[in-house]
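Engineer: my questions concern the predicted model and sequence given below.
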Amino acid sequence: MVEEILIGRKTFFIAPDFSLIPESYLEEYLELGYECYFVCNDKTLPVEYKIDVILSVFKDSIVFFCIDTVIHGVNWEKIIFRMQKKYGDKARLGVIYNKRKTDAERHALERRFLFDMGLQCGCIQLEYQKRNNFALIEKVLFANQARGRRMSVRAICDGDCNYTITTKHGRITGKVNDISMTHFSITLQENECDTKLYEKVCEIVLGVKGTFIRTDAVLYMSRPVKDGILNIFMFVDKMGHQGLDSRNQANLLPKLYSILHENCDNLLKKLFETTRRKLIEENKEEF
């Protein structure tokens, strides 16, 4: 499951100012196809080591440093320089900063990070009013291809998602492997499902973390895997158009967001704890 969670481009905002970038933005960006996370400072592990973990494990990630967040003992410029030097072209780094009083200040900051350090993902100057910042950040996410190669963000299910499909020969129930706003996948045994490729299946019922979604879907892809036959279904509405109807979209989005963040947050906690213990053993840090 860990390898599956690591797949796909993710964007991490380091030490964000919630008054300018509220957490609600993350779910809205997910709806647009961007998988974004906040990484905050705490007493368990210094933020510099957290960034190092992210860049070394999430190799296709984008990291934005919120450089106006004051953290005792943290010099953002030095940290960014070290990360850029350590990871080189493999590091997709950017900077977010609060609005400067003059253009000269803004140009000096951009020159330092973009030209002197060579950060790939740019500098975002936030506005004082947070309602303007959503579009500013989204524009930079788009410019940096933060969606990656995927059409939609896929969440790996771990027992909280199930399905019921009614076929010509009866009802099939089981666990969902993964789900997005456009597709879901299940694993069946050979000859368990009589659905043909590109055939429409009506009234599929999906249970996603306690929310039930009734929808139609088309068998989009089928291939053998270790445990059976992987079947990937594409959602279609009653008119046959690709995707969920608006009601099902509204119901699925918060659940998809919840699954993604539980998976990523739990993985990060384990990685951070492993790093913390290693530092204690090496006597590099006292906690």
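Structural biologist: That came through, no problem. Note that the structure is a prediction, hence the values are computed from the model and not measured. Residues are numbered from 1 along each chain as shown.
Engineer: for the rest of this, base every contact and every neighbour count on C-alpha atoms.
Structural biologist: OK.
Engineer: list the buried ones in the lowest-mean-pLDDT helix or strand in the chain?
Structural biologist: In the chain, no helix or strand scores lower on mean pLDDT, DSSP states H and E than helix 2-6, which sits at a mean of 84. By 16 or more other CA atoms under 10 Å, the buried positions in helix 2-6 come out as L6.
Engineer: please report how far the closest residue to H169 other than its chain neighbours lies from T173.
Structural biologist: In this structure, H169 finds its nearest non-sequential neighbour in D194, 7.8 Å apart by CA to CA, 6 or more residues apart in numbering. Separation of D194 from T173 (CA to CA, to the nearest Å): 14 Å.
Engineer: let me see the ranges of the strands in the protein.
Structural biologist: Along the chain, the stretches classed as strands by DSSP state E are 11-14, 36-39, 62-66, 92-97, 123-125, 155-156, 161-167, 170-175, 178-179, 183-188, 200-208, 211-225, 228-236.
Engineer: kindly reformat the ones you listed as TSV containing mean pLDDT, mean neighbour count and distance to I5.
Structural biologist: Shown next, in TSV, are the strands of the chain (pLDDT from 0 to 100; neighbours: other CA atoms under 10 Å; distance: least, CA to CA, whole Å):
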stretch	mean pLDDT	mean neighbour count	distance to I5
strand 11-14	98	21	14
strand 36-39	97	21	13
strand 62-66	97	23	15
strand 92-97	96	22	19
strand 123-125	94	20	28
strand 155-156	94	22	7
strand 161-167	91	18	16
strand 170-175	90	14	18
strand 178-179	96	21	11
strand 183-188	94	22	15
strand 200-208	93	18	18
strand 211-225	93	17	19
strand 228-236	94	21	18
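Engineer: nearest to N283, of these?
Structural biologist: Among the strands of the chain, the nearest to N283 by CA to CA is strand 36-39 (24.7 Å).
Engineer: what residues does the closest one touch?
Structural biologist: Strand 36-39 is contacted from outside by 10-16, 23, 26, 29-30, 261, using CA atoms under 8 Å, 6 or more residues apart in numbering.
Engineer: go again using 6 Å as the cut-off
Structural biologist: 10-15, 26 (CA atoms under 6 Å, 6 or more residues apart in numbering).
Engineer: these: which two are farthest apart?
Structural biologist: Within the contacts of strand 36-39, K10 and A15 form the most distant pair, 16.0 Å apart (CA to CA).
Engineer: report how many residues lie close to T69.
Structural biologist: 17 (other CA atoms under 10 Å).
Engineer: can you pull the contacts of it?
Structural biologist: So T69 contacts nothing (CA under 6 Å, 6+ apart).
Engineer: neighbours around K255, how many?
Structural biologist: Number of residues near K255 (other CA under 10 Å) recorded here: 16.
Engineer: I meant K78, not that one.
Structural biologist: K78 is flanked by 10 other residues according to other CA under 10 Å.
Engineer: how near is it to T164?
Structural biologist: K78 is 54 Å from T164, by CA to CA.
Engineer: and if you look at L32?
Structural biologist: As defined by CA to CA, L32 lies at a distance of 28 Å from T164.
Engineer: kindly report the same for I7.
Structural biologist: Using CA to CA, I7 is found at 27 Å from T164.
Engineer: now swap in Q120 and tell me
Structural biologist: Relative to T164, Q120 is positioned 46 Å away (CA to CA).
Engineer: next: V2.
Structural biologist: As judged by CA to CA, V2 and T164 stand 27 Å apart.
Engineer: check Y257 too.
Structural biologist: For Y257 relative to T164 (CA to CA), the value is 22 Å.
Engineer: one more: V140?
Structural biologist: 40 Å.
Engineer: do K50 as well
Structural biologist: Distance, K50 to T164, by CA to CA: 41 Å.
Engineer: next one: F235
Structural biologist: Separation of F235 from T164 (CA to CA): 14 Å.
Engineer: now do the closest residue to I79 other than its chain neighbours, the pLDDT please.
Structural biologist: Excluding its sequence neighbours, the residue lying closest to I79 (CA to CA, 6+ apart) is E48, at 6.7 Å. pLDDT, E48: 93.
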